[in-house]
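Undergrad: predicted model and sequence follow; I will ask about them next.
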Amino acid sequence: MIDGAGSRSKSTLDGFNLREWRTRLGLTQDEAAELLGISKRTFCNYEWGTNARIPYFLRYACRYIEESMNTDPDLRLIASRLRLKKHLSDAKLRQLNQTSANSPEAASA
């Protein structure tokens, strides 16, 4: 986790900790920014240390995302769809979404 063992600082979130968090979860900068609800440019500025202070709420958001990635299949699905989005056309994504919506699992939910 963000303030777990191995991180440089338990009380602050700096660019090093943010990069460590992102790589531990196997996220790209694009994916991490989208999950956190910020632009990629802002995320990169935080990670590179360009912005002097990272908002405190991001520490909690990072912790929540990390815990959820381990327990919440919906968040894992969102992260995997973010990865797919980079590699597939919009038409193919619509087809996949439509297929999954029409699947027997979706009908029973």
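TA: Looks like it came in fine.
Undergrad: from now on I want contacts and neighbour counts done on CA atoms only, so please keep to that.
TA: OK.
Undergrad: which stretches of the chain have low pLDDT?
TA: In the predicted model, the chain carries pLDDT under 70 at residues 1-11, 52, 76-77, 79-97, 100-109.
Undergrad: so which residues of it form helices?
TA: Per DSSP state H, the chain carries helices over the ranges 15-24, 29-36, 40-48, 56-71, 73-87, 90-101, 104-108.
Undergrad: Trp48: how many residues sit nearby?
TA: Using other C-alpha atoms under 10 Å, Trp48 has 15 other residues around it.
Undergrad: now Cys44
TA: Count around Cys44 with other C-alpha under 10 Å applied: 19.
Undergrad: for Asn70, see how far away Ser39 is.
TA: Per C-alpha to C-alpha, to the nearest Å, Ser39 is found 24 Å from Asn70.
Undergrad: of the two, who's got more company?
TA: Higher neighbour count among Ser39 and Asn70: Ser39, with 15 against 11, using other C-alpha under 10 Å.
Undergrad: contact partners for the residue lying closest to that one once chain neighbours are set aside?
TA: Closest residue in space to Ser39, ignoring its immediate chain neighbours: Ala33 at 5.7 Å, by C-alpha to C-alpha, 6 or more residues apart in numbering. By C-alpha atoms under 8 Å, 6 or more residues apart in numbering, the residues touching Ala33 are Ser39, Lys40, Thr42, Phe43.
Undergrad: can you tell me the closest non-neighbouring residue to the last one?
TA: With sequence-adjacent residues excluded and distances taken as C-alpha to C-alpha, 6+ apart, Phe43 is closest to Ala33, at 5.7 Å.
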